[in-house]
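# coordinates only, sequence not included:
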């Protein structure tokens, strides 16, 4: 599935982020947040495609929030709260001007969001193999 491959490739880049460097370099920090945004975008689209392949009604036309809620209800993601927080943070990322908020975002990416992406990647591969 192309969408899953795109998500996986983007995740591999994000996993290689140097969070120490991100605390010291504004451009690098911006790049990490941008890579998170791209990874999130590809993640929810891959989830939507997997839901469609499994015949889940509503997956073809849903917004990111709707897709994530469907994914939780159908067992494609196991922590809806983390994913909805990711959605909220992704939506706010373009408007972060406060360094404390940037630091918070980097910590969330490092400590929660990457792990959620990794779990999703495995779950999607398992779901695709079920077909």
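Received it, and whenever you're ready, just let me know what you need. Here the structure is a predicted model, which means the values were calculated and not measured.

# please make it C-alpha for all contacts and neighbour counts, starting now.
Noted.

# which one's the longest helix in this structure?
When the chain is parsed with DSSP state H, its longest helix is helix 26-53.

# what's next to the next helix or strand after it, contact-wise?
Going down the chain from helix 26-53, the next helix or strand is helix 64-73, by DSSP states H and E. Helix 64-73 has contacts (C-alpha atoms under 8 Å, 6 or more residues apart in numbering) with 44-45, 47-48, 51, 59, 77-80, 83-84, 87.

# again, 7 Å this time
44, 47-48, 59, 77-78, 80 (C-alpha atoms under 7 Å, 6 or more residues apart in numbering).

# show me which of these are buried.
Among those, those that count as buried by neighbour count (16 or more other C-alpha atoms under 10 Å) are 44, 47-48, 59, 77-78, 80.

# so who does residue 118 touch?
Neighbour list for residue 118: empty [criterion: C-alpha under 7 Å, 6+ apart].

# coming back round to it: mind listing what's buried along the longest helix of the chain?
Buried residues in helix 26-53, counting neighbours by 16+ other C-alpha under 10 Å, are found at 28-30, 32-40, 42-51.
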